[in-house]
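Undergrad: how does the following fold in three dimensions:
(2 chains)
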Amino acid sequence: MEKFVKHTGNALPLRRSNVDTDQIIPAVYLKRITKSGFEDGLFAAWRNDPAFELNQPQYKSATVLVAGPDFGTGSSREHAVWALQNYGFKVILSSRFADIFRGNSQKMGLLTVILPQADIEKIWQEIESKPDTQITVDLGAKTVAYAKTTLTFDIDDYTRWRLMEGLDDIGLTFTKIDQVSRFEEKRLSFKPKTLPIR
Amino acid sequence: MGKTLAEKIWSEHVVAAAAGEPDLLYIDLHLIHEVTSPQAFDGLRLANRKVRRPDLTIATEDHNVPTLNIDKPIADPVSKLQVDTLRKNCAEFGVRLHSLGDVEQGIVHVVGPQLGITQPGMTIVCGDSHTSTHGAFGALAFGIGTSEVEHVATQTLPLLLPKTMAINVEGTLNEGVTSKDIILAVIAKIGTGGGQGYILEYRGSAIRALSMEARMTICNMSIEAGARAGLIAPDQTTFDYVKGKAHAPTDGDWDAALTYWKTLTTDADAKFDKEVNLNADELAPFVTWGTNPGQGLPLTASVPDPDDYSNAEDRGAAKRALEYMDLKPGTPLKSIKVDTVFLGSCTNGRIEDLRSAASVIKGKKIASSLRLLVVPGSARVRLQAEAEGLDKVFLDAGAEWRSAGCSMCLGMNPDQLKPGERAASTSNRNFEGRQGKGGRTHLVSPLVAAATALKGTLASPADL
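TA: Predicted coordinates:
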C-alpha cells in the first residue's frame, strides 16, 4: 500500500447524502478482474448530466472529495474505492461513512476523514465560491486545513500508523501466524468443514 | 456484567489482542463468488501465499451469471472471463466451487444455509454485504471488501469490536405482514445510517415466532440500516433447520454442538449500547417510495412531500428521490403502476418466499401490462419448487421461471430494467439504477410482489 502522510489538492463538492456504492461504481462495471481501469465507471450514471460536479471544469483537478453524510452505503464492493483512486481522489471528507466502505478505504490507502456536517457545509461554501481553494490533509497532525481554517479530526492510532507507514495488513497478520495455529488446536471439533464434500 | 450474543461469539474467536490494536478474529467460514475475488487471488499469487484453510472455504457463481440457457457458454465475454477466472483460481488454490449447472449452485447466502455449513456461533465472511443473512443462525456474519477476502487466506481478520444494538420486536404480525415488512419498518425507523458501527440483535416474541427463512430475510437487510451484522439467537427453530443438512454435525458431535449452541444467547444482565422497540401488531405491508431502503412507508400511505421534512438532509434526499422515481407528493402508493415484478434474491429467493407468492398467484393471471420474473435463490430451491408444482403455478399465471442467481437484484447479468421502467422487487436495494440504468425500484415482500403482479399496481393480497 502507498503511504499516506500528507496531501494537498483541490476539492470537489458533492452535495448529496446516501451516495451508495452502486452510484460510485454501478454493478455492470464490476466485471473487470484487475484493480485498475475503473475511473470510467466512477459515478457513471450521474456523469451523463453536464451539471454534475465531476463534469465541471473548475473541479477537474480535484483530489479531495467533500461528500454528504452516509457516503459509501450499500454493497461491499471495493471497486468503489478503486474507482475513486483510479480517478485521482486521495481523500474523502464526510460527516458519516458506511462501515464497509471506510474499512475498504483504509486497506487501500484512500483516506476517509470524518468531520462534523457543519464543517462540511462550510467547506462546500468555500470551494463553491473559490474552486481553486487548496485543502491540506495532514494525517500526522490529524488536521484538515483550507483558507484560514484548520480543523482537527479523529482516527484510531493503529489505522493512522498503518496508513502512514503504508504497511501490508496481511503481512502484519503473518507475524502472528503461530498464534493462529495455536487457536486452531483448540477449536471446537464439531465446527463444519466444506471439504470433503458431503 | 453479562455479555451480549455478539460479544460472546466475538470473544470466542479472538486469536490475538493487544491494547490499541484491532483484535485478530478467527474466521470459521469464508464464502467466495466471482465478482469480489479475482483481485484477491491475484494478490495471493503475487505474494506467493496460499489459502490456509480451503476446508473452511467455499465458492459459488451467482452475481453475473445468466438465468437462461445455463447449459450454454456465458454469452457476455466479460462475464465469462470473470467466471472462468473464479474456476481457475478455485482449482489452483484447492477451493470447493459450485459452478453454473451444478445442483448446489446458487446465491452464496442461500447455498451456505442449505448445505448446513452455516451454523450457530460461527464467524462467517464473504465479499458481499448481504453476508449478514447468516446472522439468522446466531452466527456473526458480515460482508468484507476484496482486500479482506485476500486477508482471509490467513483465516483471520483484524477487526474492532462493533457496538451492539437490540431491535426488540414484540407482539404478533397481522395476516399478510411478513419479516420483510419488519425489516423495512426497522430501516425506515433508524435510517440507512442508524446501524453504523453496530451489530444488531433482533429479539422479542415476533422474531421468535418467525421461521428460519423469514429470519434470514431480516438479518439479510441489516446492512441496509448501515449495520455491520445482524443476529438472532439460535433456538429450537434453528436447531430443527440445521439438523440433517449435509454438513450438519451428526451423532455425538450433534449433541456437543447442541449443548454449545444453547449457550448462545444474550445474558440477562448484559447491556446493549442502544435499544430500539417495534410493536409487531402495528406493522403493515411496507413498500419503499424512494432511492434508499430507509425511504419506506406502509402500502396504505401516500408519497410524502419533501417539504414536510424538517431535516434539510432528508428533505434534499426526498426531493432527489422523487425526481428520480418520477413520483408526485400525495400520490397514493397503491395507485403506482409497475412494469416488472422481480421475485428472488438472497433476501427473498428461498422456497418459503416462492410458496407464499405462489399461494397468492395460484389459478390467476398476472396483469397484461407487466412481466413477472421468478428467480429461485439456488438450483436446489428451483428443484424443490418444481417438485411442489410451483413452477407451473408461475408459468400458468404468465410469469417467467428462471434458473438461480442474483439476477435482477443488481442487474449484473442480462436481467435488467430498461431506463424509466418501474419494478416491484423482493430484493434489498432501491438505489438509483441498481436494477438497470434508469430503472426505478420499489422494495416489497413476496406477498406484495405477487399481489402487485396480479393487479398491475402496488397491492397487497388484501387488495385483490
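Undergrad: which one is the residue of the stretch 251-400 of chain B found nearest chain A nearest to, not counting chain neighbours?
TA: Chain A sits closest to residue B:253 of the stretch 251-400 of chain B, with a gap of 4.0 Å, by C-beta to the nearest C-beta. Any C-beta I mention is one placed from the backbone N, CA and C, and that applies to glycine too. Nearest non-adjacent residue to residue B:253, counting by C-beta to C-beta, 6 or more residues apart in numbering or on different chains: residue A:190, 4.0 Å away.
Undergrad: same check on residue A:17?
TA: Leaving aside its sequence neighbours, residue A:17 sits nearest to residue A:68 (C-beta to C-beta, 6+ apart; 4.1 Å).
Undergrad: please report how far that neighbour lies from residue B:309.
TA: Separation of residue A:68 from residue B:309 (C-beta to C-beta, to the nearest Å) stands at 15 Å.
Undergrad: between these two, point out the one with more neighbours.
TA: residue A:68 (22 against 15; other C-beta atoms under 10 Å in any protein chain shown).
Undergrad: so what pLDDT did that one get?
TA: Looking at residue A:68, its pLDDT reads 96.
Undergrad: the one 4 residues further on too?
TA: Per-residue confidence (pLDDT) for residue A:72: 98.
Undergrad: wait, doesn't it sit right on residue A:24?
TA: Yes. Counting by C-beta atoms under 8 Å, residue A:24 is a contact partner of residue A:72 at 7.0 Å.
Undergrad: any common contacting residues for those two?
TA: Residues touching both residue A:72 and residue A:24 by C-beta atoms under 8 Å, 6 or more residues apart in numbering or on different chains: residue A:80.
Undergrad: assumed the residue nearest to residue B:253 was part of a strand.
TA: No. Applying DSSP: H, G, I helix; E, B strand; the rest coil, one finds residue A:190 to be coil, outside a strand.
Undergrad: run a quick neighbour tally on the residue of the stretch 251-400 of chain B closest to chain A.
TA: Neighbourhood size, residue B:253 [other C-beta under 10 Å]: 15.
Undergrad: would you agree it falls within a helix?
TA: Yes. Judged by three-state DSSP, residue B:253 forms part of a helix.
Undergrad: residue A:111 pairs with what?
TA: Note on residue A:111: beta-bridge partners by DSSP bridges are residue A:91.
Undergrad: just give me the neighbour total for it.
TA: Neighbours of residue A:111 under the rule other C-beta under 10 Å: 22.
Undergrad: quick check: phi and psi at residue 195.
TA: All of this is about chain A. With angles defined as degrees, to the nearest 10, residue A:195 sits at phi -130, psi 140.
Undergrad: ok, for it, nearest residue in space, not its chain neighbours?
TA: Nearest non-adjacent residue to residue A:195, counting by C-beta to C-beta, 6+ apart: residue B:55, 4.2 Å away.
Undergrad: try residue B:380
TA: residue B:114 (5.5 Å).
Undergrad: which residues touch the one you found?
TA: Applying C-beta under 8 Å, 6+ apart, the residues contacting residue B:114 are B:106, B:245, B:378, B:380, B:381.
Undergrad: before we move on, which element is it in?
TA: Per DSSP states H and E: residue B:114 is located in helix B:108-115.
Undergrad: can you spell out which helices and strands pack onto the lengthiest helix in chain A?
TA: If you go by DSSP state H, chain A has its longest helix at helix A:117-129. Packing contacts for helix A:117-129, counted by 3 or more C-beta pairs under 8 Å, 6 or more residues apart in numbering or on different chains; DSSP states H and E, involve strand A:6-14, strand A:64-67, strand A:91-94, strand A:143-146, strand A:149-152.
Undergrad: would you turn those into CSV with distance to residue B:400 and mean neighbour count?
TA: As requested, these are exported to CSV (distance: least, C-beta to C-beta, whole Å; neighbours: other C-beta atoms under 10 Å in any protein chain shown):
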stretch, distance to residue B:400, mean neighbour count
strand A:6-14, 39, 19
strand A:64-67, 39, 26
strand A:91-94, 41, 25
strand A:143-146, 52, 18
strand A:149-152, 54, 13
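Undergrad: in JSON lines, list those strands along with distance to residue B:48.
TA: Formatted as JSON lines, these follow (distance: least, C-beta to C-beta, whole Å):
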{"stretch": "strand A:6-14", "distance to residue B:48": "32"}
{"stretch": "strand A:64-67", "distance to residue B:48": "36"}
{"stretch": "strand A:91-94", "distance to residue B:48": "33"}
{"stretch": "strand A:143-146", "distance to residue B:48": "40"}
{"stretch": "strand A:149-152", "distance to residue B:48": "42"}
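Undergrad: out of these, the one nearest residue B:321 is which?
TA: strand A:6-14 (16.5 Å; C-beta to C-beta).
Undergrad: what sits against the nearest residue to residue B:227 once chain neighbours are set aside?
TA: Distances taken as C-beta to C-beta, 6+ apart put residue B:195 closest to residue B:227, at 3.0 Å, once the chain neighbours are dropped. Contact analysis of residue B:195 by C-beta under 8 Å, 6+ apart lists B:165, B:222, B:225, B:226, B:227, B:228.
Undergrad: buried among those? Need that as a selection in ChimeraX.
TA: Paste this into ChimeraX to select the buried members of the contacts of residue B:195, with burial taken from 16 or more other C-beta atoms under 10 Å in any protein chain shown:
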select /B:165,222,225,226,227,228
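Undergrad: could you list which of the contacts of residue B:195 belong to strands?
TA: Among the contacts of residue B:195, DSSP state E puts residue B:165 in strands.
Undergrad: and which of the contacts of residue B:195 is nearest residue B:313?
TA: residue B:226 (14.5 Å).
Undergrad: the stretch 151-300 of chain B: helices as residue ranges?
TA: Along the stretch 151-300 of chain B, the stretches classed as helices by DSSP state H, counting those that start in this stretch are B:179-190, B:205-208, B:212-220, B:236-242, B:251-261.
Undergrad: how about the ones you listed in a markdown table, adding distance to residue B:327 and mean pLDDT?
TA: Below are these laid out as a markdown table (distance: least, C-beta to C-beta, whole Å; pLDDT from 0 to 100):
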| stretch | distance to residue B:327 | mean pLDDT |
| --- | --- | --- |
| helix B:179-190 | 17 | 98 |
| helix B:205-208 | 31 | 98 |
| helix B:212-220 | 26 | 98 |
| helix B:236-242 | 39 | 98 |
| helix B:251-261 | 46 | 98 |
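Undergrad: okay, those helices in TSV with distance to residue B:303 next?
TA: Output for the helices of the stretch 151-300 of chain B, formatted as TSV (distance: least, C-beta to C-beta, whole Å):
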stretch	distance to residue B:303
helix B:179-190	14
helix B:205-208	28
helix B:212-220	25
helix B:236-242	38
helix B:251-261	45
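Undergrad: what about the helix of greatest length in chain B, distance to the chain center?
TA: In chain B, with assignment by DSSP H, the single longest helix is helix B:77-93. Relative to its chain's centre, helix B:77-93 lies at 24 Å (C-alpha atoms, centre = their mean, to the nearest Å).
Undergrad: packing partners for it?
TA: Using 3+ C-beta pairs under 8 Å, 6+ apart, helix B:77-93 sits against helix B:38-46, strand B:96-98.
Undergrad: including mean neighbour count, could the ones you listed go into TSV?
TA: Below are these laid out as TSV (neighbours: other C-beta atoms under 10 Å in any protein chain shown):
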stretch	mean neighbour count
helix B:38-46	19
strand B:96-98	20
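Undergrad: so which of those comes closest to chain A?
TA: Chain A lies closest to helix B:38-46 among the helices and strands packed on helix B:77-93, at 3.8 Å (C-beta to the nearest C-beta).
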